[in-house]
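A.B. asks: Sequence unavailable; structure follows:
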């Protein structure tokens, strides 16, 4: 069973790959419709995966950080603030077509925010948590993260309080609504 760190590292790697693909692709200006469609689909994948990742972190990971680390509240508060900013950017990005001039600006803004958040999490939070969690605890948390992603929201909800209780209570209904919208629109099938 993968540990929490393995699950989160895999998510971070997936996001990094998507960010690198955006950086390697030509800017929206002057590209054809099929390239614009590919950029929009890549953005949809980014929004879906980042939304699921952040939701399960807020439900399961950050409460463990708060409980186990002496400075856990401070670390979790900073990380959740970063995540809220990322959700705000992704919510705006999700509404735009890839040809919109704001699209590239928001992608650039998210790239910086995501990399700052990943670096903070991996260098400031993980080392302390790894040092005090047992392998069993890390595997149990990894299992909860994996299971949570199966029913997590697929859209950013920056106005939903990042409280584990709120997310665990309202999350399944919000996620069901997100998935119904995704099915109706074909979002995320690419």
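C.D. replies: Done, it's in. Since the model is a prediction, treat every value here as computed from it, not as a measurement. Numbering: from 1, shown residues only.

A.B. asks: For the residue nearest the centre of the chain, pull up the helix or strand it's in.
C.D. replies: The centroid of the chain falls nearest to residue 50 when counting by C-alpha atoms, centre = their mean (2.3 Å). Assigned by DSSP states H and E, residue 50 belongs to helix 33-56.

A.B. asks: now do residue 16
C.D. replies: Counting by DSSP H and E, residue 16 is found in helix 4-24.

A.B. asks: Tell me what angle that helix forms with helix 33-56.
C.D. replies: Relative orientation of helix 4-24 and helix 33-56, computed by axes from the mean of the first three to the mean of the last three C-alpha atoms, to 10 degrees: 160 degrees.

A.B. asks: Please work out which residues outside helix 4-24 touch it.
C.D. replies: Residues outside helix 4-24 that contact it (C-beta atoms under 8 Å, 6 or more residues apart in numbering) are 2, 39, 42, 45-46, 49-50, 53, 57, 61, 64, 107, 110-111, 114-115, 118, 121-122, 126, 130, 133, 138-139, 141-142, 145-146. Heads up, the C-betas are built off the backbone N, CA and C, glycines and all.

A.B. asks: Give me the buried positions along it.
C.D. replies: 4, 5, 7, 8, 9, 11, 12, 15, 18, 19, 22 (16 or more other C-beta atoms under 10 Å).

A.B. asks: ok, the spatially closest residue to the first one that is not a sequence neighbour - contacts?
C.D. replies: Right, the one you point to is residue 4. Computed as C-beta to C-beta, 6 or more residues apart in numbering, the closest residue to residue 4 that is not its neighbour in sequence is residue 141, at 3.8 Å. Residue 141 makes contacts with 3, 4, 60, 61, 64, 133, as judged by C-beta under 8 Å, 6+ apart.
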